[in-house]
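Asks: I would like the atomic coordinates for the input below:
(one chain, ligands or ions: 2)
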Amino acid sequence: MGKTKLAFVADIHYYSPRLGTEGRAYELRSGSDQKCLAESGAVVDAAFGLLKNSDIDALVISGDVSNDGERVSHEEIREKFLDFQKAKPLYLITSTHDWCTDGNPRRFEGDKVYNDVEAFDGPTLDAYYAGFGKENCIAEFETSRGFHSRCFQVSDSLRLLAVNDDADGPGGKSGYSEAHLCWMEEQIKAAKAAGMDVIATEHHLLLPNVSPLINKGQSIGDQYEVAARLADAGLRLMFVGHSHFQRTSEFLSPAGNKITQVNIGSLCGYPAPINYLTVENGRAALRVEFLQGFTHNGKAYGADFFKEHSSAVLLNLLNAAAADKQDLKDRLAAQGIRVKAIDKLYFLIRHFARKALKITVGGAGRLVNFFTFGRGVNKKAVKAHKKEKLLPWILEIFLCIFDGSYLAADMPDTVKTVAVDVSTLPRRIVKELPIKKAKKEKLYKTFAQIEALLRELVYPAYDNMNCEIDL
Ligand SMILES: [Fe+2]
Ligand SMILES: [Fe+2]
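Replies: Ligands and ions are numbered 1, 2, ... in the order given. Here you go, the predicted model:
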């Protein structure tokens with residue numbers, strides 16, 4: 001069988017500059033988001049320019065093509081898709097951010113936010129993108145919401161199942177009706193019977209990853225049942241988007257069939273990943289690369305732009321907490337968080353924020369060990385970094401959520417030891433607290449999850465940048 005090479009990207013969230021890219025309201029919106037908005041068009045142009053001139057056979061986009069379903073964003077990004085299609089085939093699915101936006105489409109002017117932005121509804125959206133890949137579509141299924149899932153013959157030897165899971169699952173959750181799932185099973189089996197390799201893409205997660213604390217609600221309904229049925233039908237590889245995290249996970253059905261999920265990070269957020277998949281003789285090889293830069297308004301930006309923009313979500317909050325109560329309130333509100341107690345507690349918040357901005361690894365280690373009688377953090381590990389500021393390490397570990405722990409590969413072992421040691425503290429403290437057993441167990445479970453999250457970030461279970469899968 002021949003070789004097929006595909007590129008996958010996800011969660012472009014293209015934002016039309018006509019929605020406003022200046023002023024306090026835009027700054028608050030942009031500063032509260034891991035992905036970039038004003039620069040999204042330039043990022044797409046850079047990625048598409050690269051891919052058009054690469055050796056890929058086709059590009060696949062796994063949903064959330066627009067920022068928040070704004071008509072103007074859809075119109076502009078579709079032009080870019082049509083232009084790309086002149087060079088290479090493009091297959092795409094849309095998802096909830098492209099239509100089901102709960103009145104969220106907004107524009108920004110000065111310090112004002114306006115909601116008078118026209119957005120697409122489901123049927124309009126479905127028809128708007130129906131033409132992409134049509135000539136290679138060999139089967140189609142209409143979901144309970146009027147969207148279409150499609151099976152594409154992308155090469156002589158490979159089929160792609162591109163399915164729309166929007167609100168089609170149990171109780172209107174993302175997922176699949178029984179009829180939809182049966183159709184998917186049929187397509188997988190038919191591809192296998194025809195001697196083809198088959199892979200799939202959906203938008204929401206088939207398998208949770210990183211930590212249930214972060215992305216418990218991001219998966220499709222009845223996820224393990226669906227994963228088992230797809231694996232038992234013969235599907236071995238599913239690409240998903242939505243979480244904006246680059247991460248690979250595996251699941252084994254009760255019948256012993258394995259399925260691998262590749263969660264593609266957001267193209268317009270750190271680390272701006274492009275997932276390359278080469279399929280040959282029943283074997284798929286994944287290689288993840290990060291976009292190294294783009295040009296916006298005549299200015300060149302490197303890969304560090306994405307890193308800094310994502311870090312700013314945390315840094316802006318911390319700086320505001322340390323210096324300006326109103327700024328802190330505005331920034332939290334921009335993230336949809338309204339905390340009434342801020343006025344009363346601000347003196348405390350400011351104190352801790354100022355400490356957090358300044359504290360060294362040595363200072364933090366001494367503090368923790370003081371409260372734990374010297375048993376909290378490995379003293380040797382702390383000593384290795386005692387004069388370094390703690391904050392850059394916290395930011396690097398935070399970024400590992402998005403980059404599949406790419407940064408962790410270069411992190412000193414001593415830093416990993418300190419991070420994991422510190423994460424065990426809440427659990428150890430709860431163990432000693434004189435509170436009711438049920439409450440203690442609940443808290444203990446949450447803190448154990450925090451600990452598992454830290455471990456996963458610094459010691460990832462998989463190599464999220466490279467893997468090989470038997471299809
Ligand atoms: Fe998204
Ligand atoms: Fe999404």
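
Asks: distance of the closest residue to ligand 2 within the chain relative to S266?
Replies: Distances between the chain and ligand 2 by C-beta to the ion are smallest at H242, namely 3.8 Å. Every C-beta, even on glycine, is put in place using the N, C-alpha and C of the backbone. Counting by C-beta to C-beta, to the nearest Å, the separation of H242 from S266 is 9 Å.

Asks: shared neighbours of those two, anything?
Replies: A10, D11, D64 (C-beta atoms under 8 Å, 6 or more residues apart in numbering).

Asks: of those residues - the most surrounded one?
Replies: Of all the shared contacts of H242 and S266, A10 has the most neighbours under the rule other C-beta atoms under 10 Å, reaching 31 neighbours.

Asks: which SS state does G41 fall under?
Replies: The three-state label given to G41 by DSSP: H, G, I helix; E, B strand; the rest coil is helix.

Asks: just checking, it touches E76?
Replies: Yes. Between G41 and E76 there is a contact at 7.0 Å, judged by C-beta atoms under 8 Å.

Asks: now do the contacts for the residue of the chain closest to ligand 2.
Replies: Shown in contact with H242 (C-beta under 8 Å, 6+ apart): A10, D11, G63, D64, S95, H203, H204, L205, Q218, N263.

Asks: give me that answer again for 10 Å
Replies: Neighbour list for H242: 10-11, 62-64, 95-97, 165, 174, 202-205, 215, 218-220, 263-264, 266 [criterion: C-beta atoms under 10 Å, 6 or more residues apart in numbering].

Asks: out of those, name the ones that lie in helices.
Replies: Using DSSP state H, N215 are the members of the contacts of H242 that sit in helices.

Asks: restrict the contacts of H242 to those near ligand 2?
Replies: With the criterion set as C-beta under 5 Å from the ion, the members of the contacts of H242 near ligand 2 are D64.

Asks: how about A25, nearest residue that isn't a chain neighbour?
Replies: Leaving aside its sequence neighbours, A25 sits nearest to F108 (C-beta to C-beta, 6 or more residues apart in numbering; 4.2 Å).

Asks: any idea how far the one you found lies from E27?
Replies: For F108, the distance to E27 equals 9 Å [C-beta to C-beta].

Asks: now do the shared contacts for the two.
Replies: Counting by C-beta under 10 Å, 6+ apart, the residues touching both F108 and E27 are T21.

Asks: number of nearby residues for the residue in the stretch 351-471 of the chain that ligand 1 sits nearest to?
Replies: Residue of the stretch 351-471 of the chain nearest ligand 1, by C-beta to the ion: F402 (12.2 Å). Neighbour count of F402, defined by other C-beta under 10 Å: 27.

Asks: contacts only, for it.
Replies: If a contact means C-beta under 10 Å, 6+ apart, then F402 has 34-35, 210, 243-247, 265-266, 269-273, 306-307, 310 as its contacts.

Asks: just the ones in strands from these, please.
Replies: Residues from the contacts of F402 lying in strands, with DSSP state E as the criterion: R247, P273.

Asks: next, count neighbours for G49.
Replies: Neighbour count of G49, defined by other C-beta under 10 Å: 14.

Asks: what about the helix or strand encompassing it, near ligand 1?
Replies: G49 belongs to helix 40-52 when assigned by DSSP states H and E. No. If you take C-beta under 5 Å from the ion as the test, helix 40-52 misses ligand 1, and the best it gets is 11.9 Å.

Asks: what's the separation between the residue in the stretch 51-200 of the chain positioned nearest to ligand 1 and I93?
Replies: Proximity of the stretch 51-200 of the chain to ligand 1 (C-beta to the ion) peaks at D64, 3.7 Å away. Applying C-beta to C-beta, the value for D64 to I93 is 9 Å.

Asks: who touches both of the two?
Replies: Counting by C-beta under 10 Å, 6+ apart, the residues touching both D64 and I93 are A10, H203, G241.

Asks: and those residues, which is closest to ligand 1?
Replies: G241 (6.3 Å).

Asks: how many neighbours does that closest one have?
Replies: 29.

Asks: check contacts around it.
Replies: Counted by C-beta under 10 Å, 6+ apart, G241 has contacts 8-12, 61-64, 93, 95, 97, 201-205, 218, 263-267.

Asks: what of A364?
Replies: Residues in contact with A364 (C-beta under 10 Å, 6+ apart) are 355-356, 376-377, 382, 385-386, 389-390, 393-394, 418, 422.

Asks: sort these by pLDDT and name the bottom one.
Replies: Lowest-confidence member of these: G376, scoring 77 (pLDDT).

Asks: shouldn't that residue be within a strand?
Replies: No. Assignment of G376 by three-state DSSP gives coil, placing it outside any strand.
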